[in-house]
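S.K.: one predicted model, sequence on top.
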Amino acid sequence: MNGGLRERKRAATQETIERAAISLALEHGFENVTVDMICEASMVSQRTFFNYFGSKEGVIIGGTPAMPSNDHIDAFTRATGSNLLADFLTMITSSLLEREPDAALFKDRRTLIMRTPELLIRETARMSESEDQFVAIIMTRYEIQGLSPANQPELEDEARMVIALTAGVLRYVRHRWASSQPGASTRDLLSNSIELIHRITNDHSQQPKGTAH
């Protein structure tokens, strides 16, 4: 079996398990759903389930978001542009654009997480873990740019602000996508958001498409 087919089959199995778990949790309540119920509904073994998700909480929240590739991280840290926020958003969304998410599954997952405190706490903790990794990447960019190590506390504050602003942009994109017509492209929404960032921050080196010079 070639790599492409194997990955497609893996993605299909993962989505089947996610759909079954979220549907059951919406119907019965997260606390009343068991791994056995999820496995029966998705017709997979417990071994397969735990290989994919590790826990009942994991299947509802979803797999750990992939970090940007080493090539994307290297391009970001060595970029000479001045728009750190737009460059950072471009980098972290590189892995998000590999596969268009399913709108219905996304909406159901968000509904379930927001009404289940246990899941919301778990998702928030996972986001905090990723934040420290992203801070280190931004600090590497600062180091390459030759910024003074004496200013590290201020630079770390700036890095965390960039991450917080990026999270806000992604929430905006998710809201726009969830309320869009079926078939709306997250790629286009993210691209438009990056253009908006350039406009808002008055970065005239990256004007919106169709804007006259």
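M.R.: Cool, the structure landed.

S.K.: tell me the domain boundaries of the protein?
M.R.: Here the domain parsing of the chain from automatic domain parsing is 1-63, 64-213.

S.K.: between those domains, which gets the lowest average pLDDT?
M.R.: Note on these: domain 64-213 shows the lowest mean pLDDT, a mean of 79.

S.K.: now for the residue lying closest to A86 once chain neighbours are set aside: which residues touch it?
M.R.: Beyond its immediate neighbours in the sequence, the residue positioned closest to A86 (C-beta to C-beta, 6 or more residues apart in numbering) is I197, lying 4.6 Å away. For glycine as for every other residue, the C-beta is placed from the backbone atoms N, C-alpha and C. I197 is in contact with N83, L85, A86, L89, V169, D203, counting by C-beta atoms under 8 Å, 6 or more residues apart in numbering.

S.K.: what's next to stretch 46-63, contact-wise?
M.R.: The contact list for stretch 46-63 (C-beta under 8 Å, 6+ apart) reads 13-14, 17-18, 21-22, 25, 30, 33-36, 38-39, 42, 109, 112-113, 116, 118-119, 122-123, 126.

S.K.: kindly report the same for stretch 106-114.
M.R.: So stretch 106-114 is contacted by 18, 22-23, 25-26, 30, 60-62, 119-120, 123, 174, 177-178 (C-beta under 8 Å, 6+ apart).

S.K.: repeat that for stretch 32-42.
M.R.: 16-17, 19-21, 23-25, 45-46, 48-50, 56, 59.

S.K.: buried members of these into PyMOL, please.
M.R.: Restricted to buried positions by 16 or more other C-beta atoms under 10 Å, the PyMOL selection for the contacts of stretch 32-42 reads:
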select buried, resi 17+19+20+21+23+24+25+49+56+59
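
S.K.: between the contacts of stretch 32-42, which is nearest H72?
M.R.: V59 (27.5 Å; C-beta to C-beta).

S.K.: name the element that closest one belongs to?
M.R.: For V59, the host element (DSSP states H and E) is helix 56-61.

S.K.: figure out how far the very next helix or strand once past that helix is from the centre of its chain.
M.R.: Downstream of helix 56-61, the first helix or strand assigned by DSSP H and E is helix 70-77. Its chain's C-alpha centre lies 17 Å from the corresponding centre of helix 70-77 when counted by C-alpha atoms, centre = their mean, to the nearest Å.

S.K.: got the CA coordinates for helix 70-77 in CSV?
M.R.: What follows is helix 70-77, C-alpha atoms only, in CSV (Å, rounded to 0.1, in the frame of the first residue of the first chain):
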residue,chain,number,x,y,z
ASN,A,70,11.0,22.4,9.9
ASP,A,71,11.1,24.1,6.5
HIS,A,72,8.3,26.5,7.5
ILE,A,73,9.8,27.2,10.9
ASP,A,74,13.2,28.0,9.2
ALA,A,75,11.5,30.3,6.7
PHE,A,76,9.8,32.2,9.5
THR,A,77,12.8,32.6,11.7
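
S.K.: give me the residues contacting the helix or strand following it.
M.R.: Following helix 70-77 in sequence order, the next helix or strand is helix 84-93 (DSSP H and E). Residues from elsewhere that reach helix 84-93, judged by C-beta under 8 Å, 6+ apart: 68, 72-73, 75-76, 79, 81, 134, 137-138, 141, 162-163, 165-166, 169-170, 190, 193-194, 197-198, 201, 203, 206.
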